[in-house]
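Undergrad: Fold the following.
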Amino acid sequence: MSGESATRAFRLGTFSVAGSAPFAGLELDGKALGLHAAASFLQSQRLSLQGADSILGLLEHWADNFPVLQRIADALGPGGDAQLQSQAVAVSGLRLHPPVNVPRNIYCSGANYKKHVVDIIVAQAMVETQNMTPAERHAFGTRKMDERIASGTPYFFCKPQSAIVGPFDPVVIPSDIKTADWELELGVIIGRRARRVTRERALDYVAGYTVINDITSRELVNRRDGDVREMGMNWVLAKGSPTFLPIGPYLVPAAFVGDPQQLRLTLRLNGEAMQDERTDDMIFGVARLIENLSSACELLPGDLICTGSPAGNGVHYKRFLKPGDVLEGEITAAGIGFGIQRNPCVAESVDSTR
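TA: Residues are numbered from 1 along each chain as shown. Next comes the predicted model:
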């Protein structure tokens, strides 16, 4: 779907007012229009939106809905429909929820940025590198990543829906966790059923992109139980805590993004940049992730793929999240921003554990 023609760039979100039920909306120039408010305009133009009650509903019919959404966005511009324009309200007065309020499946790609993995190889003691200098370890790691790019395959795991939180909601630090870490990521939102898709066609199945922060409890990643250590990593325990997946603020349609490997990711902790990297450092780009994942399962409209996090995590700085911290994450493309995600960190309360 990255080849759709586009005129006036817009973003999609899920909004609410003063505790009311969330609604699907179109954001343009700092204003949001609830799609339910476009009914009269659509009728006058003999157009219709399918599943407009939610972003997930829109994704079920994305190929048909995108051109209609484009017509709405164009009518909100100068010289457009005055009645439609009068119903758009400032985003600043709304609460923003995750754009796809409840994604279907959440797939995550691990260890998918070259510099990040090479940094880990340099820092960690490994049998192959124990007698190497740091420079030799770096060269060894770089060579390994080049081999992985050429002939390797992505590593996937899943994250629970209950970890999802909005783009401005608090991240709750569990009382028994000391190493909660940030992982800013590009989120890919699927818009068509995809099974055994080739990388050449893979981006045609993408509806849009969003900002993700895959919060992780580092101390829980590796199993330490002697009888099951060989079973690998505890991804659910390490990444499944409530609020450990801030999403949004917007779904940016693929038509406005262009090449997903030419984006910039920036994460700031209390105003200081900790991660600042381009998506061309991915070991497996978005198209290869979709190709590989769809060879094992069928992707559905509304599925979310988290594409991995670049260098600059807390484990690199030996500095982890604590109550009072503020995380800011953003992704920018050449022609459009994804919006800034801003999440304060708070301590877990007794009530939140019941």
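
Undergrad: if I pick residue 261, what's in contact with it?
TA: 279-280, 282, 285-286 (Cβ atoms under 8 Å, 6 or more residues apart in numbering). Quick note: C-beta positions are derived from backbone N, CA and C, even for glycine.

Undergrad: I'd like the distance between the most far-flung residue of the chain relative to its centre and residue 140.
TA: Within the chain, residue 131 marks the point farthest from the mean C-alpha position, 38.9 Å out by Cα atoms, centre = their mean. Counting by Cβ to Cβ, to the nearest Å, the gap from residue 131 to residue 140 is 11 Å.

Undergrad: likewise residue 128?
TA: 7 Å.

Undergrad: On the secondary structure side, give me the element for residue 268.
TA: If you go by DSSP states H and E, residue 268 is part of strand 264-269.

Undergrad: helix or strand right after that strand?
TA: Next along from strand 264-269, by DSSP H and E: strand 272-278.

Undergrad: So which elements touch that next one?
TA: Strand 272-278 sits against strand 264-269, with contacts defined as 3 or more Cβ pairs under 8 Å, 6 or more residues apart in numbering; DSSP states H and E.

Undergrad: which outside residues touch the lengthiest helix in the chain?
TA: Longest helix of the chain, by residue count under DSSP state H: helix 134-151. With Cβ under 8 Å, 6+ apart as the contact definition, helix 134-151 has outside contacts at 114, 117-118, 120-122, 128-129, 132, 283-284.

Undergrad: Weed out the non-buried ones from those.
TA: Buried by 16 or more other Cβ atoms under 10 Å: 114, 117-118, 120-122, 129, 132, 283-284, out of the contacts of helix 134-151.

Undergrad: Adding secondary structure, write those out as TSV.
TA: Below are the buried ones among the contacts of helix 134-151 laid out as TSV (DSSP: H, G, I helix; E, B strand; the rest coil):
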residue	secondary structure
114	helix
117	helix
118	helix
120	helix
121	helix
122	helix
129	helix
132	coil
283	coil
284	coil
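
Undergrad: want to throw the contacts of residue 261 into CSV with distance to residue 307?
TA: Shown next, in CSV, are these (distance: Cβ to Cβ, whole Å):
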residue, distance to residue 307
279, 8
280, 12
282, 7
285, 8
286, 6
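
Undergrad: hmm, which two among those are most spread apart?
TA: Farthest-apart pair in these is 280 and 286; separation 11.1 Å (Cβ to Cβ).

Undergrad: The stretch 151-300 of the chain: strands as residue ranges?
TA: 155-158, 164-165, 171-173, 180-181, 184-190, 206-213, 216-217, 245-246, 252-253, 264-269, 272-278 (DSSP state E, counting those that start in this stretch).

Undergrad: Which parts of the last one count as buried, going by neighbours?
TA: Within strand 272-278, the residues that count as buried by 16+ other Cβ under 10 Å are 274-275, 277.

Undergrad: Which of those sits closest to residue 155?
TA: Of all the buried residues of strand 272-278, residue 277 has the smallest distance to residue 155: 19.0 Å, by Cβ to Cβ.

Undergrad: Just the pLDDT for the residue farthest from the centre of the chain.
TA: With respect to pLDDT, residue 131 scores 82.

Undergrad: quick one: average confidence on the longest strand along the chain?
TA: Identified as the longest strand of the chain according to DSSP state E is strand 337-347. Per-residue pLDDT over strand 337-347 has a mean of 97.

Undergrad: any idea how far residue 136 lies from residue 186?
TA: On the measure of Cβ to Cβ, residue 136 and residue 186 end up 32 Å apart.

Undergrad: Those two - which one has more neighbours?
TA: For residue 136 versus residue 186, neighbours defined as other Cβ atoms under 10 Å are more numerous around residue 186 (24 against 12).

Undergrad: what's the neighbour count on the residue lying closest to that one once chain neighbours are set aside?
TA: Of all residues not flanking residue 186 in the chain, residue 307 sits nearest, at 4.8 Å (Cβ to Cβ, 6 or more residues apart in numbering). Around residue 307 there are 25 other residues, counting by other Cβ under 10 Å.

Undergrad: so who does residue 307 touch?
TA: Contacts for residue 307 were tallied using Cβ under 8 Å, 6+ apart; they are 109, 112, 185-188, 279, 282, 286, 289.

Undergrad: Show me which of the residues you listed are buried.
TA: Taking 16+ other Cβ under 10 Å as the criterion, what is buried in the contacts of residue 307 is 109, 112, 185-188, 279, 282, 286, 289.

Undergrad: give me the number of residues near residue 327?
TA: As a measure of burial, residue 327 has 21 neighbours, counting by other Cβ under 10 Å.

Undergrad: and it, that's in a helix?
TA: No. According to three-state DSSP, the state of residue 327 is strand, so it is not within a helix.

Undergrad: Return the residues in contact with it.
TA: 171, 182, 213, 246, 267-269, 321, 341-345.

Undergrad: now residue 181
TA: 215-218, 313-315, 320-321 are the contacts of residue 181 under Cβ under 8 Å, 6+ apart.

Undergrad: Tell me which entries of those lie within helices.
TA: Among the contacts of residue 181, DSSP H puts 314-315 in helices.

Undergrad: Looking at the contacts of residue 181, which gets the smallest pLDDT?
TA: residue 315 (86).

Undergrad: so residue 211 makes contact with residue 167?
TA: Yes. The criterion here is Cβ atoms under 8 Å, and residue 211 meets it with residue 167 at 7.1 Å.

Undergrad: Now the common contact residues for these two.
TA: 246-249, 339, 341.
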